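need a structure here:
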Amino acid sequence: MKKIINTSEAPSPVGPYNQSVLAMGTLYMSGQIAIDPSTGNLIIDNIEDETHQVFKNIKAVLTEAEMTLENVVKCSVFVSDMEMYGRINAVYAQYFNEENAPARELVEVVNLPKYVNVEISCIAV
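Numbers count the residues shown, from 1 in each chain. Next up is the predicted model:
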């Protein structure tokens with residue numbers, strides 16, 4: 001059995017998907033980008049602010065599922081330019097410390113939705 005988890009505190013899906021799905025105690029979160037859900041505006045002035053907004057959206061979905069970042073076991077990070085890796089990683093490290101950091105991959109892609117610079121999806125238990 002699965003339960004759909006959506007919240008108005010994170011950007012609404014723009015297609016035939018949900019923010020997350022809870023199945024057998026595992027939360028599968030769709031990729032989050034830097035949309036401010038209160039305004040609908042993209043936060044893309046700099047990669048640090050963009051990454052922080054992505055994490056605000058991730059935390060909002062986790063909260064709706066009654067979870068926190070402590071529950072995250074896997075992240076998939078997609079970037080538009082590997083040159084931003086260090087700056088994205090510095091922000092990422094503010095949310096996950098080395099002792100409890102989830103498994104992760106970070107890959108460069110040609111384009112992301114709305115031509116943002118970073119998108120992160122998560123799996124949490």
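
list the buried residues in stretch 31-44.
Burial within stretch 31-44, assessed by neighbour count using 16 or more other C-beta atoms under 10 Å, is assigned to 31-35, 37, 42-44. For glycine as for every other residue, the C-beta is placed from the backbone atoms N, C-alpha and C.

likewise for stretch 10-18?
By 16+ other C-beta under 10 Å, the buried positions in stretch 10-18 come out as 10-11, 18.

mean confidence for that stretch?
For stretch 10-18, the mean per-residue pLDDT is 93.

pull the residues that contact it.
Contacts of stretch 10-18 with the rest of the structure, by C-beta atoms under 8 Å, 6 or more residues apart in numbering, involve 4-6, 19, 30, 32-33, 35, 37, 40, 57-58, 60-61, 64, 113.

so how far is it off the chain centroid?
13 Å (C-alpha atoms, centre = their mean, to the nearest Å).
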